[in-house]
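1. Here's my sequence, what's the structure:
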Amino acid sequence: MQTTARPRRRLPARVYWFRRTLVLLTALALVFAIGRLLNGSGSDAPAASAEVAAAKPSTTSTTPTPGVAGPQPLQPAATGKGKASTPTATGNPAVLAVPSGPCAIDEITVTPSVPQATAGGRVDLVLQLTGIKPACTFTVSSTTLAAKIISGKDRIWSTQDCPSAVKTATVVVRSAEPTQVVVPWSGRRSDDACSRTTAWAVPGYYHVAASVIGSEPGDAQFHLQLAPRQVITKTARPHQKKKGTGTVCGGDNAATSC
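-> Below you'll find the predicted structure:
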């Protein structure tokens, strides 16, 4: 038995318009999505290239400034207020003790020395005074301080003969550092009158002894050296010969023997 197909009914027009609109919207959505993808890949490329460029070290070479050569001085680092920081000294200076009163004779030690001695002139005797107390005062004079120069048993010079060599002065004697007193020696032998016409001490080795009168003296050896000779060099002057107008034999200045 054969069945006959029923003819299909035509759909309403609004159904067709709905389908067309849906297809159109789908197409627009696809175009929009493709456009976003293309724009996104294009913007990422410059950013990636910029990151690669930033990662590479700079190879820019600097050109030296004309007229400037050699190392340049370093500038001090600036502080937050724009001023250069300057180094500050650390540590406190040593504070010297204040004298507590006069020194006793047995509290002072004298150490003599002669840094330089040349025969035929003045020689300075350097006396270093060191005390037992932190600080005390001492009056230097020819009656409190004595010095002499000897060579074996021969006394060459002494402040007992020349007391004016010891200048009167009040000094501070400390235990932390010595006090220096200079006694000049004329370089000559001394007599009772400390005359200036005595003989000069000859070059050689001598001893200087010094002490506070009434205490043990200190002793030191020194070398009285020979004074260097002064060499005077004379410059020879060339002799100029007189020039004549004629020849040796003949002419106006001819010799009579020709």
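
2. Helices of the chain, residue ranges please.
-> 13-55 (DSSP state H).

3. Run through the strands of the stretch 1-150 of the chain in chain order.
-> Along the stretch 1-150 of the chain, the segments classed as strands by DSSP state E, counting those that start in this stretch run 108-113, 123-131, 135-140, 145-151.

4. So which of the ones you listed is nearest residue 175?
-> Closest of the strands of the stretch 1-150 of the chain to residue 175 is strand 123-131, at 5.3 Å (criterion: CB to CB). C-betas here are computed from N, CA, C, even on glycine.

5. how much does the closest one deviate in direction from strand 145-151?
-> Using axes from the mean of the first three to the mean of the last three CA atoms, to 10 degrees, the direction of strand 123-131 lies 130 degrees away from that of strand 145-151.

6. Quick check: can you name the pairing partners of strand 123-131 and their directions?
-> Sheet pairing for strand 123-131, assigned by DSSP bridges, gives strand 108-113 (antiparallel), strand 179-185 (antiparallel).

7. Of the strands of the stretch 1-150 of the chain, which is nearest residue 211?
-> Once the strands of the stretch 1-150 of the chain are compared by CB to CB, strand 108-113 is nearest, at 5.0 Å.

8. winner for burial among the strands paired with strand 123-131?
-> Counting by mean count of other CB atoms under 10 Å, strand 108-113 has the highest mean neighbour count of the strands paired with strand 123-131, with a mean of 19.

9. can I get the CA coordinates of that strand in PDB?
-> Presented in PDB, the C-alpha positions along strand 108-113 are these (Å, rounded to 0.1, in the frame of the first residue of the first chain):
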ATOM      1  CA  ILE A 108     114.500  64.400  87.600                       C
ATOM      2  CA  THR A 109     116.600  62.400  85.200                       C
ATOM      3  CA  VAL A 110     118.800  64.200  82.600                       C
ATOM      4  CA  THR A 111     119.600  62.400  79.300                       C
ATOM      5  CA  PRO A 112     122.200  64.300  77.200                       C
ATOM      6  CA  SER A 113     122.800  64.000  73.500                       C
END
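
10. What's the mean pLDDT across it?
-> The pLDDT scores in strand 108-113 average 97.

11. what angle sits between it and strand 135-140?
-> 60 degrees.

12. Take the strands paired with strand 123-131 and write them to CSV, including distance to residue 165.
-> Shown next, in CSV, are those (distance: least, CB to CB, whole Å):
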stretch, distance to residue 165
strand 108-113, 13
strand 179-185, 5
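
13. any idea how far residue 12 is from residue 160?
-> 154 Å (CB to CB, to the nearest Å).

14. Then residue 145?
-> Counting by CB to CB - residue 145 and residue 160 are separated by 11 Å.

15. hmm, back to that, identify whichever of the strands paired with strand 123-131 lies nearest to residue 135.
-> It's strand 179-185; of the strands paired with strand 123-131, that one is closest to residue 135 (CB to CB) at 10.0 Å.

16. more neighbours, residue 145 and residue 160?
-> Set residue 145 next to residue 160 and count neighbours by other CB atoms under 10 Å: residue 145 wins out with 22 against 15.
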